[in-house]
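[1] Using only what follows, build the 3D model:
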Amino acid sequence: MTYCVGIEVNEGLVFAADTRTSASFDDVRVYRKMHVFEWPGDRVFVIMSAGNLATTQLTISRLQRDADDPNAARSLRTFSHLYEVAEYVGDTLVASQVKMNDEAQQSGVNVQSTLILGGQIAGERPGLYMVYPLGNCIATSPETPYLQIGESKYGKPILDRIIRPETSLEDAARCALVSLDSTIRSNLSVGMPVDMALLRNGDLKISQKMRLEADTPLYSEIHDTWSRKLEAAVHSLPRFPWEPQRETEPSSGPLPVMPPRRARAGLEPAAAPGKLSGGFLVGAPSGATAAIVLDPERSASRHRD
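    Purely as a prediction, here's the structure:
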């Protein structure tokens, strides 16, 4: 499985995604699920994926092919509005699923995928869309300024409590990391490393990007601080009537010691030759097949983001 979250605030967009894929309990690998297409000063798009890995790789490859063709009638570079791009990405996703379904018809493999598309075109404000397997899409709203795909339930509470349009871009990014961390803690099908990208309103390029491993100091500090302060907050909640009441408020002493963090999965990203944009792989599936594939046919049909 996977978990990806996109957040839209007044200052811009935040994208965060895990990198774990699995075809079975003993076939777990690392693949990038965040793909960046950018033409600085004109437009920039980020696509995150969940679902069948072969379908998403085919979709990304077709989008890149069209974008590289100056004679293409429709591509990421030809539209003037972001909702038109969302419709085009939906059409491309549906066409990829049809092709994959024809090849996997007898195997019973689910070839559907879901995407989060976000970005900005010059002259418009940034936007965020979820593209469903049928090709239709929805956008964020002031009441729901975020979108999730994959294992969404574990990381949803902090987004509901904190994220508002007026939330700062950096605070939104911290919430996204806590949302990923909560999901990784509760679900083994979601795993490190985590990819993150920030798009500030008006930059028309990726403003910040990073890959966070379990032992990256920033991620480690966010993980530990959130866990300890959350436990301390529980201890400070009002006491039940049958409990002895505290005579004084607890002092702000050292935070309680937390249990050891779960060990790293021990997976390393696959070597990824291919086209790069903004530091992220956006090219054809050959970039991802640099991973060790013991059974390519099985991997192409059964691996899920």
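
[2] and the top helix by length along the chain, what does it pack onto?
    Counting residues, the longest helix found in the chain (DSSP state H) is helix 82-103. Using 3 or more CB pairs under 8 Å, 6 or more residues apart in numbering; DSSP states H and E as the contact definition, the elements that helix 82-103 packs against are helix 53-68, strand 113-121, strand 127-131, strand 137-139. Backbone N, C-alpha and C define where each C-beta goes, glycine included.

[3] between that helix and helix 53-68, how many degrees?
    Inter-element angle recorded for helix 82-103 and helix 53-68: 130 degrees (by axes from the mean of the first three to the mean of the last three CA atoms, to 10 degrees).

[4] roughly how far out does helix 82-103 sit from the chain middle?
    The chain centroid and the centroid of helix 82-103 are separated by 19 Å under CA atoms, centre = their mean, to the nearest Å.

[5] who's in contact with Pro193?
    Applying CB atoms under 8 Å, 6 or more residues apart in numbering, we find Pro193 in contact with Asp18, Thr19, Val30, Arg211, Leu212, Glu213, Ala214, Pro269.

[6] Which of the three states applies to the fourth one?
    Spelled out, that is Arg211. When states are read from DSSP: H, G, I helix; E, B strand; the rest coil, the local structure at Arg211 comes out as strand.

[7] ok, it to His35 distance?
    14 Å (CB to CB, to the nearest Å).

[8] the more surrounded of the two?
    With neighbours defined as other CB atoms under 10 Å, Arg211 and His35 compare such that His35 has more, 25 against 17.

[9] Backbone dihedrals for that one, both of them.
    Backbone dihedrals for His35, given as degrees, to the nearest 10, come out at phi -130, psi 130.

[10] quick check, Gly123 in a helix?
    No. The assignment for Gly123 is coil, going by three-state DSSP, so no helix is present there.

[11] residues touching it, list them.
    Taking CB under 8 Å, 6+ apart as the contact definition, Gly123 lies against Ser80.

[12] Arg43 versus that one, what's the distance?
    Counting by CB to CB, the separation of Gly123 from Arg43 is 10 Å.

[13] where does Leu204 fall, helix, sheet strand or coil?
    Assigned state for Leu204: coil (three-state reduction, three-state DSSP).

[14] which residue sits closest to it in space, ignoring its chain neighbours?
    Counting by CB to CB, 6 or more residues apart in numbering, Leu204 lies nearest to Gly41, which is 5.4 Å off, once chain neighbours are set aside.

[15] now do Asn136
    Gly90 (6.4 Å).

[16] shouldn't the one you found be in contact with Gly135?
    Yes. Counting by CB atoms under 8 Å, Gly90 sits close enough to Gly135 to count as a contact (3.5 Å).

[17] Looking at those two, which one has more neighbours?
    More crowded of Gly90 and Gly135, by other CB under 10 Å: Gly90, with 20 against 17.

[18] contacting residues for that one?
    Taking CB under 8 Å, 6+ apart, we find Gly90 in contact with Val131, Tyr132, Leu134, Gly135, Asn136, Cys137.

[19] where in the stretch 1-150 of the chain is pLDDT low?
    23-25 (pLDDT under 70).

[20] Count the residues that sit near Gly119.
    Burial of Gly119, expressed as a neighbour count using other CB under 10 Å, amounts to 26.

[21] Good, we can wrap up now.
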